[in-house]
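[1] Starting from these lines, generate the structure:
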Amino acid sequence: MSEHSERTADTAEPLDRAERVDPATEAFVAHRNLLFTVAYEMLGSAADSEDVLQETWLRWAGVDLGTVREQRAYLVRIVTRQALDRLRTLDRRKESYVGPWLPEPLLTAPDVAEDVELADSVSMAMLLVLETLGPIERAVFVLREVFDLEYDEIAEAVGKSPAAVRQIAHRARAHVAARRPRGIASPAETRAALQAFQRAVETGDLQSLLDILAPDVVALSDGGGIKHALLRPVVGAGQVARLLAVGWWKRDAERSAELVQINGGPGLLIRLNGEIDGVVAVRLENGYITGAYHVRNPEKLSRVERETVVSR
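    I've put the predicted structure just below:
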């Protein structure tokens, strides 16, 4: 063999080893978007969901894959347990949170809206409904209703019997059904409502917005004690309109509102003097805005400049 051939043979083996991905990493990467979505729907926080994924990976890396029958179910079980632990920590943080707590918004790809159930499950309105469930109820609801896991798989994930999980799922479904938006608004309806919001932000024209605000509309604003925001909900069309006219935006700032995909549906990305200042999402029922959600906390805006993939 020539000297050149020997050098080629010597360098080929390390390259082959580097290109090989171990089975644990391959499985984790294949299911990563799904695992992030499970964690996010349980937590409403992308930052905490990423921490949960790190913990999930550390546990998965130590598993003997020869004992794993179904990798997806096993990984979902790990991420659910980690998310439950993190949810309890989050609940304690929310007790001292300044003003209303809103989920961390995500810039999502337009094709998420094509999966109506997935888009609904990650919407700001639905995540706020899920906030009213207890940790185990939330986990059971998400795993059953969104990800269609079997009761025995969910039971292993939450440490309950399958019979108990069935009862929890029944209660959680009834609880969510009583509080979720009545009828899923189409993306076109939501976009039209947000265009009225957009005009109000950019031009101060409130009339078209008043036409689609429900009489009992509720506005929530999350500044996290870092940015100026509402400390309490504002209720009523007139009150919300006045808020938009004078309260949510700096009066001397150059304002712009860009229609983007937020949490699986249309939303507004607000800029003041060219800098991202916040996100607005709405809850739409029977053609009227019943909820307006404004996130200004800069610690929650890191996911609105690049798309986050959600899947199931």
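
[2] residues near the residue lying closest to G159 once chain neighbours are set aside, how many?
    Nearest residue to G159, sequence neighbours excluded (C-beta to C-beta, 6 or more residues apart in numbering): R81, at 8.0 Å. The way it works is simple: take the backbone N, C-alpha and C, and place the C-beta from them, glycine included. Here the count is done by other C-beta atoms under 10 Å, and R81 has 19 residues near it.

[3] For R81, what is the enclosing helix or strand?
    helix 71-95 (DSSP states H and E).

[4] which residues are contacting that helix?
    27-28, 31, 34-35, 38-39, 42-43, 45, 48-49, 51-53, 55-56, 59-60, 63, 65, 68, 101, 135-136, 138-139, 143, 147, 149, 153, 156-159 (C-beta atoms under 8 Å, 6 or more residues apart in numbering).

[5] In a strand, P105, correct?
    No. Assigned with DSSP: H, G, I helix; E, B strand; the rest coil, P105 falls outside any strand and is coil.

[6] Identify the residues contacting the closest residue in space to it that isn't next to it in sequence.
    Take P105 and drop its neighbours on the chain: the residue closest to it by C-beta to C-beta, 6+ apart is V279, 4.4 Å away. Residues near V279 by C-beta under 8 Å, 6+ apart: P105, I262, G267, L268, L269, I270, H294, V295, L301, V304.

[7] 10 Å instead, please
    In this structure, V279 makes contact with 102, 104-107, 124, 222, 260, 262-263, 267-270, 293-296, 300-301, 303-304, judged by C-beta atoms under 10 Å, 6 or more residues apart in numbering.

[8] Next, work out how far apart it and A174 are.
    Per C-beta to C-beta, to the nearest Å, V279 is found 31 Å from A174.

[9] Tell me which stretches of the stretch 151-300 of the chain form strands.
    For the stretch 151-300 of the chain, applying DSSP state E, counting those that start in this stretch gives strands covering 213-222, 234-235, 255-262, 265-272, 275-285, 288-295.

[10] any chance of those in TSV, plus mean pLDDT and distance to R182?
    Listed next are the strands of the stretch 151-300 of the chain as TSV, based on pLDDT from 0 to 100; distance: least, C-beta to C-beta, whole Å:
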stretch	mean pLDDT	distance to R182
strand 213-222	94	11
strand 234-235	95	18
strand 255-262	90	21
strand 265-272	91	16
strand 275-285	92	5
strand 288-295	93	9
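
[11] Quick one, which of those strands gets closest to T190.
    For these, distance to T190 was read as C-beta to C-beta. The smallest value, 4.6 Å, belongs to strand 265-272.

[12] related to what we said a few turns ago, for the helix or strand just after the helix holding R81, C-alpha coordinates in PDB please.
    Per DSSP H and E, helix 71-95 leads on to helix 116-122 as the next helix or strand towards the C-terminus. The C-alpha coordinates for helix 116-122 follow below in PDB (Å, rounded to 0.1, in the frame of the first residue of the first chain):
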ATOM      1  CA  VAL A 116     -56.300  22.800  14.000                       C
ATOM      2  CA  GLU A 117     -56.100  20.800  17.200                       C
ATOM      3  CA  LEU A 118     -52.400  21.500  17.700                       C
ATOM      4  CA  ALA A 119     -52.800  25.200  16.900                       C
ATOM      5  CA  ASP A 120     -55.700  25.400  19.400                       C
ATOM      6  CA  SER A 121     -53.800  23.600  22.100                       C
ATOM      7  CA  VAL A 122     -50.800  26.000  22.000                       C
END
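
[13] Go through helix 116-122 and flag the buried ones.
    Within helix 116-122, the residues scored as buried using 16 or more other C-beta atoms under 10 Å are L118, A119, D120, S121, V122.

[14] out of those, who's nearest E275?
    Nearest to E275 among the buried residues of helix 116-122 is V122, at 26.1 Å by C-beta to C-beta.

[15] what separates that closest one from Q239, distance-wise?
    In terms of C-beta to C-beta, V122 sits 29 Å off from Q239.

[16] And L213, by the same measure?
    10 Å.

[17] Neighbour count for those two, which is higher?
    L213 (25 against 16).

[18] which residues does that one form a beta bridge with?
    Beta-bridge pairing of L213, defined through DSSP bridges, involves I289.

[19] so it touches V240, yeah?
    Yes. Taking contacts as C-beta atoms under 10 Å, L213 lies within contact range of V240: 6.0 Å.

[20] Next, show the common contact partners of the two.
    Shared contacts of L213 and V240, defined by C-beta under 10 Å, 6+ apart, are found at L206, A219, I289, A292.

[21] Buried only: go through the residues you listed for me.
    Buried, going by 16+ other C-beta under 10 Å: L206, A219, I289, A292, out of the shared contacts of L213 and V240.

[22] roughly how far apart are the second one and V201?
    Distance check for A219 against V201: by C-beta to C-beta, it reads 13 Å.

[23] Same question for the third one.
    From I289 across to V201, the span is 14 Å (C-beta to C-beta).

[24] That's all I had, so thanks and see you.
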